[in-house]
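S.K.: give me a 3D structure for the following:
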Amino acid sequence: MHLHGVSVFDGLSFLVAVLAAWTALDLFRQVRSRQGATRLVWLAIAATAMGGGIWSMHFIAMLGSESGLAVRYDPTLTIASFLLAVIGSSLAFLIAAGRPGRRRMVLAGVVMGASICAMHYVGMAALRTAATLAYAPGLVALSAAIALLASIAALFAVEQDRSRLWRLAAALILGLAVVGMHHVAMSALTVSPVQATAQLQPLGASPLILAVGVAAVTIVILFLALTASMIGQRDKLISIIDAGGVGYWELTLPAQTLWLSGRARKYLGLARGEPFETADLPRILKPEDMIKRAEALRRALAGEGDYAAEYQMRDSGRWLQVRGRLIRSRSGKPIKLAGVITDVTDRHQAFAALATSEHRQRLLINELNHRVKNTLATIQSIAALTARRSSSVEDFMRLFEARLIALSDTHNLLTANGWERARLRDLILLEFRPYAEDRLRMQGPEVTLEAEQALSMGLILHELVTNAAKYGALSCPEGAPGWVDVAWSEADADGLITLDWIEQGGPSVAPPTRSGFGSRLIDVSIRNTLAGSAAMDYADGRLHCRLRFRPGGSPKT
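M.R.: Down below sits the predicted model:
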């Protein structure tokens, strides 16, 4: 005779099989995303859920089978059937969790299908009753084929991992396959009663009560495993968020219990494990931020928008942006506020720097206007004075162009130094560029001049070099005697530096009969911009110019 299932048991066994498949395939995603010892832990959980669910489904279906005979189960073989399901599922998941590939997934499906078949037939071998069991080979082969093909199809479906619908499809395929394989295998079974010397005692409880009990325990175990999977996924998501420099927070409602991730606690300046609730917020937020928080919370709870605010920490001064969204139940009841915390201190500093920059810019424009006006005034003065002392247009052009070039060279030197200052030594070397090195002997300490002072000193030195080239020591041909000694001192008690320009080895020179442009430019520049004085001495037929000036430009008071 053949065994026939009862519809209630069929429903329970199918429910357990689908739930086990869904849970196990969901846990399988955890296995694939983990490494090391953690991966092995999740592998054990997934395999136990899958193997245990399949075994429970088989046991429930067997309890629903009617043979008219009392039955018992051999404990050793019953445990062995359970272990076969768990170990086979572990091996299948371990193979499938490796590098993606069709061959690997087929192999994993074969292992899982084989373990399902082995579990079923070993479980049947554990059955003890006053009858002989015989199997139809064709149906046995068909049951094995169903288990293998369905396992392969389920693993390929979950491999796609596109949506919950795909996972549901995979769970249904695997659940139907397990139930279908069981019923095909049971259809292959023929039970022939035999005369026994001792009758087996029937089970104490009814098969339905036992089936419901096993199903309930299995569903609880699977529910706990699924909960562990959800918690694992949540922890993984939070760790990913933390790795991105973003903290996570939750505020449960209506109790308003606050939970913070590790990164969020770090941003708030909290030690690991330090208790912290919403009542503790005033000690880290400013009073005005507490008012801002209350308004943002009110709007979020009223459904007027997302929670969004920025706060500055009391102690560290760092700025935090807090964003969150209200999460409701299916009935629309608020469950919690959940969101993220990000450190936006750099952004606030950038805005402050930008504001300052727009101001380090207005000042620069004003300074540029001032310098352009000064430069134009200087050029206008040079043009006017050069024109008064020029005998022809050609003479004017030659002198005016030379003085403009000198002014431009000083501008270039200042530009290279950010238009802030220039060294006196560099200004002197700039004017002596056209001459051999032995035409200049220079010594003195480090002296820097501000921009306007450097422009004036550049023009003064240009006039001195031009005069020496026309009449003095630099008018001698190359190789002939003639050089200029330039020496300057440290600042004296009045803050004045003394620079001596002495021409050596050149032709004899005499004081000019009238004051020329060069003399006037030197006198005006040294008095107005450099807050000093100039003196010319022509003793012994050589020029000795002494300049006294104060770096900084303003006279001492």
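S.K.: name the helix or strand of this structure that has the lowest mean pLDDT.
M.R.: Least confident helix or strand of the chain, by mean pLDDT, DSSP states H and E, is helix 207-243 with a mean of 60.
S.K.: list of residues touching the following helix or strand past that helix?
M.R.: Tracing the chain past helix 207-243, the next element assigned as helix or strand by DSSP states H and E is strand 246-252. Strand 246-252 is contacted from outside by 238, 241-242, 257-267, 278, 322, 324, 335-342, using Cβ atoms under 8 Å, 6 or more residues apart in numbering. Heads up, the C-betas are built off the backbone N, CA and C, glycines and all.
S.K.: strands - which of those land there?
M.R.: Counting by DSSP state E, the contacts of strand 246-252 place 257-260, 322, 324, 335-342 in strands.
S.K.: list only buried entries from those.
M.R.: With neighbours counted by 16 or more other Cβ atoms under 10 Å, these contain buried members at 258, 260, 322, 324, 336, 337, 338, 339, 340, 341, 342.
S.K.: next, give me the two most distant ones among the residues you listed.
M.R.: Maximum pairwise distance in those, criterion Cβ to Cβ, is 19.7 Å, between 336 and 342.
S.K.: show me where pLDDT drops low in the stretch 101-250 of the chain?
M.R.: Where the stretch 101-250 of the chain drops to pLDDT under 70, the residues are 157-164, 166-167, 174, 194-240, 243-244.
S.K.: if you set the cut-off to 50 instead, what comes out?
M.R.: 197-198, 200, 202-208 (pLDDT under 50).
S.K.: ranges for the helices of it?
M.R.: Ranges of helices in the stretch 101-250 of the chain, per DSSP state H, counting those that start in this stretch, are 102-125, 137-160, 164-187, 207-243.
S.K.: same check, this time on the stretch 401-550 of the chain
M.R.: Using DSSP H, counting those that start in this stretch, helices in the stretch 401-550 of the chain cover 424-431, 451-470, 517-528.
S.K.: kindly compare burial across those and name the winner.
M.R.: Comparing the helices of the stretch 401-550 of the chain by mean neighbour count (mean count of other Cβ atoms under 10 Å), helix 451-470 ranks first with a mean of 22.
S.K.: from the chain's centroid, how far away is that one?
M.R.: Averaged C-alpha coordinates place helix 451-470 at 56 Å from its chain's average position (Cα atoms, centre = their mean, to the nearest Å).
S.K.: ok, stretch 393-402 next?
M.R.: Relative to where its chain is centred, stretch 393-402 has its mean C-alpha point 63 Å off (Cα atoms, centre = their mean).
S.K.: pull out the buried positions in it.
M.R.: Using 16+ other Cβ under 10 Å as the test for burial, stretch 393-402 gives 396, 399, 400.
S.K.: A strand includes residue 347, no?
M.R.: No: Residue 347: not assigned to a strand; according to DSSP: H, G, I helix; E, B strand; the rest coil it is helix.
S.K.: next up, the contacts around the residue nearest to it when sequence neighbours are not counted.
M.R.: Nearest non-adjacent residue to residue 347, counting by Cβ to Cβ, 6 or more residues apart in numbering: residue 319, 7.5 Å away. Residues near residue 319 by Cβ under 8 Å, 6+ apart: 310, 311, 312, 313, 343, 344, 345, 347, 348.
S.K.: beta partners for residue 319?
M.R.: Assessed by DSSP bridges, residue 319 has beta-bridge partners residue 312.
S.K.: and it, how close does it get to residue 289?
M.R.: 10 Å (Cβ to Cβ, to the nearest Å).
S.K.: what about residue 330, which SS state?
M.R.: Three-state assignment for residue 330 (three-state DSSP): coil.
S.K.: isn't residue 135 up against residue 189?
M.R.: Yes: at 5.9 Å, residue 135 and residue 189 qualify as touching, with contact defined as Cβ atoms under 8 Å.
S.K.: and these two? Which one has more around it.
M.R.: A direct count of neighbours by other Cβ atoms under 10 Å for residue 135 and residue 189 places residue 189 higher, at 20 against 16.
S.K.: just checking, that one touches residue 132?
M.R.: No: between residue 189 and residue 132 there is no contact under Cβ under 8 Å: 10.7 Å.
S.K.: for residue 310, identify the helix or strand it belongs to.
M.R.: If you go by DSSP H and E, residue 310 is part of strand 307-312.
S.K.: so what touches that strand?
M.R.: Identification of contacts with strand 307-312 by Cβ under 8 Å, 6+ apart yields 285-286, 289, 292-293, 296-297, 299-300, 318-326, 337, 339, 344.
S.K.: narrow those residues to those that are buried.
M.R.: 285, 289, 293, 296-297, 299-300, 318-324, 326, 337, 339.
S.K.: and stretch 477-491, how far apart are its ends?
M.R.: For stretch 477-491, the separation between the terminal residues is 36 Å (Cα to Cα, to the nearest Å).
S.K.: where does pLDDT dip in the stretch 251-400 of the chain?
M.R.: Residues of the stretch 251-400 of the chain meeting the criterion pLDDT under 50: none.
S.K.: 80 - rerun?
M.R.: Applying pLDDT under 80 to the stretch 251-400 of the chain flags the ranges 272-273, 330, 347-393, 395-396, 398-400.
S.K.: helices of that one, start to end?
M.R.: So, for the stretch 251-400 of the chain - with DSSP H, counting those that start in this stretch - the helices run 262-267, 287-301, 345-358, 362-389, 393-416.
S.K.: nearest to residue 150, of the helices of the stretch 401-550 of the chain?
M.R.: That would be helix 451-470 among the helices of the stretch 401-550 of the chain, by Cβ to Cβ, at 86.2 Å.
S.K.: elements contacting the closest one?
M.R.: helix 362-389, helix 393-416, strand 421-423, helix 424-431, helix 517-528, strand 544-549 (3 or more Cβ pairs under 8 Å, 6 or more residues apart in numbering; DSSP states H and E).
S.K.: can you rerun that using 6 Å?
M.R.: For helix 451-470, the packing partners by 3 or more Cβ pairs under 6 Å, 6 or more residues apart in numbering; DSSP states H and E come out as helix 393-416, helix 424-431, helix 517-528.
S.K.: next, the angle from the last one to strand 544-549.
M.R.: Okay, so that is helix 517-528. 30 degrees (axes from the mean of the first three to the mean of the last three Cα atoms, to 10 degrees).
S.K.: re earlier: can you lay out the helices of the stretch 401-550 of the chain as JSON lines showing distance to residue 57 and mean pLDDT?
M.R.: Putting the helices of the stretch 401-550 of the chain into JSON lines (distance: least, Cβ to Cβ, whole Å; pLDDT from 0 to 100) gives the following:
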{"stretch": "helix 424-431", "distance to residue 57": "93", "mean pLDDT": "88"}
{"stretch": "helix 451-470", "distance to residue 57": "90", "mean pLDDT": "85"}
{"stretch": "helix 517-528", "distance to residue 57": "104", "mean pLDDT": "82"}
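S.K.: looking at those, which is closest to residue 48?
M.R.: The closest of these to residue 48 is helix 451-470. By Cβ to Cβ, the value is 80.9 Å.
S.K.: and residue 337, how far is that from residue 258?
M.R.: Noted for residue 337: a distance of 10 Å to residue 258, by Cβ to Cβ.
S.K.: cool, and residue 119?
M.R.: Taking Cβ to Cβ, one finds residue 119 at 48 Å from residue 258.
S.K.: still on that earlier bit, closest to residue 446 out of the ones in strands among the contacts of strand 246-252?
M.R.: Distances from residue 446 to the ones in strands among the contacts of strand 246-252, taken by Cβ to Cβ, are shortest for residue 342, at 49.4 Å.
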